[in-house]
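In: Have a look; sequence and predicted model below, questions after that.
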Amino acid sequence: MSRTLTLLFRRDPSRDRQTDKIHFEGYVVHWPDGKTVDISLDAFCKHGQRLLGLGKHLAGCAEKLVKLVCLPISGRDDDLNRIPGFRVRRFYIVRTGTTGRLHFMDGTPTATVFEVGRDDARIIHWIGLNTLNDGETQWCDIAAVEADTAVVPHRRFRRSEIGTMPLAAS
């Protein structure tokens, strides 16, 4: 079951920064109605910009309305969910106390940290941090699609599953 959020990302160069060798571009995140989202994220590296369709993908625009899709999965080895025409990336989140840090599939921690009580409850629910106990991990596929896109993830089946799939009635 996917969880979706629609957010407006507005470019804010005053939030740009460099951390070690990583350049982050700054953004202010708003709900579609224009209210600012209570979230600690204010800048994205090149991987985050590419996933969200920001940075050079804005093509001269200062903002973009994006539907974020979180598809929880059982583990790293699950087949990657596909949303035709959009980039889907695999991550996992680890809860430590009230915080959850997002990690790339290879285990590299991202700069993205969510916190229960600080970040908007809708964000915490979207990423699934509210369902995790201290020390637990949740794997997920994340995508950013155009705001008006109907999300119907396509999944490839393993050979072992094909024989067990119900046949359509003729």
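Out: Done, it's in.
In: alpha carbons only for contacts and neighbour counts from here, please
Out: Noted.
In: what sits against the residue nearest to L129 when sequence neighbours are not counted?
Out: Excluding its sequence neighbours, the residue lying closest to L129 (Cα to Cα, 6 or more residues apart in numbering) is G100, at 6.4 Å. If a contact means Cα atoms under 8 Å, 6 or more residues apart in numbering, then G100 has 93-94, 113-115, 129 as its contacts.
In: sec struct for G100, please.
Out: strand (DSSP: H, G, I helix; E, B strand; the rest coil).
In: got the contact list for stretch 20-36?
Out: So stretch 20-36 is in contact with 6-18, 37, 39, 42-46, 55, 65, going by Cα under 8 Å, 6+ apart.
In: Keep only those of the residues you listed that are in strands.
Out: Under the assignment DSSP state E, those contribute 6-11, 17-18, 43-44, 65 to strands.
In: returning to what we had before: which among the contacts of stretch 20-36 end up buried?
Out: The neighbour-count criterion (16 or more other Cα atoms under 10 Å) marks 6-12, 16, 37, 39, 42-45, 55, 65 among those as buried.
In: Just give me the neighbour total for the nearest residue to A43 once chain neighbours are set aside.
Out: Distance criterion Cα to Cα, 6+ apart; nearest residue to A43, sequence neighbours excluded, is G26 at 4.0 Å. Neighbour count of G26, defined by other Cα atoms under 10 Å: 21.
In: Please report phi then psi for G26.
Out: phi -90, psi 150 (degrees, to the nearest 10).
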